[in-house]
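Enquirer: After the sequence you'll find the predicted model.
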Amino acid sequence: MFTIKTIGLYLAVLLFVVAGISHFTQERFFIKAMPPYIPYHRAMVLISGVAEIALGIGLLFNSTRIYAAWGLIILLIAVFPANIYMATSGKFHRVPFVLLWLRLPLQFVLIWWIYQYTK
């Protein structure tokens, strides 16, 4: 029988694996989201995509779940400046303004969600 925590775990895995894959399928979008002060935009986008996929899959296994969860929390904190840049740069006209700003508090919700799997 599935609990809410188990369903949440599988949803988190799906979310991060799909998000990681999107770094490769929508690479230009993610490069555009990189703040100018961050070096090596393409490398950072690809590395973060690989990290999302690997850490998302890592959530599936008891032996790696805690490490994967902490890794995802660190990653969510690390990409927060890109979310701020997206909301403030004026470069993302195709994304509704309200969604750009809602992504900011959503990061904290995601961190809280993933924190549930650090225990």
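Expert: Noted; the coordinates are in hand. Numbering: from 1, shown residues only.
Enquirer: other SSEs contacting the longest helix seen in the chain?
Expert: Taking DSSP state H as the criterion, the chain has its longest helix at helix 4-25. In terms of contacts (3 or more Cβ pairs under 8 Å, 6 or more residues apart in numbering; DSSP states H and E), helix 4-25 is packed against helix 41-58, helix 97-115. Where you see a C-beta, it was placed from the backbone N, CA and C, and this is true even at glycine.
Enquirer: 10 Å - rerun?
Expert: Applying 3 or more Cβ pairs under 10 Å, 6 or more residues apart in numbering; DSSP states H and E, one finds that helix 4-25 contacts helix 27-32, helix 41-58, helix 62-78, helix 97-115.
Enquirer: what angle separates that helix from helix 41-58?
Expert: 150 degrees (axes from the mean of the first three to the mean of the last three Cα atoms, to 10 degrees).
Enquirer: Helix 4-25: how far from the chain's middle?
Expert: 9 Å (Cα atoms, centre = their mean, to the nearest Å).
Enquirer: Dump it to CSV, restricted to CA.
Expert: Provided in CSV are the C-alpha atoms of helix 4-25 (Å, rounded to 0.1, in the frame of the first residue of the first chain):
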residue,chain,number,x,y,z
ILE,A,4,1.5,9.9,0.9
LYS,A,5,5.2,10.0,1.6
THR,A,6,5.8,7.2,-0.9
ILE,A,7,3.7,8.8,-3.6
GLY,A,8,5.5,12.1,-2.9
LEU,A,9,8.8,10.3,-3.3
TYR,A,10,7.9,8.9,-6.7
LEU,A,11,6.5,12.3,-7.8
ALA,A,12,9.8,13.9,-6.7
VAL,A,13,11.8,11.4,-8.7
LEU,A,14,9.7,12.0,-11.8
LEU,A,15,9.9,15.8,-11.3
PHE,A,16,13.7,15.9,-11.0
VAL,A,17,14.4,13.4,-13.7
VAL,A,18,12.1,15.2,-16.2
ALA,A,19,13.6,18.6,-15.1
GLY,A,20,17.1,17.2,-15.6
ILE,A,21,16.3,15.9,-19.1
SER,A,22,14.8,19.3,-20.0
HIS,A,23,18.3,20.8,-19.4
PHE,A,24,19.3,18.8,-22.6
THR,A,25,16.1,19.2,-24.6
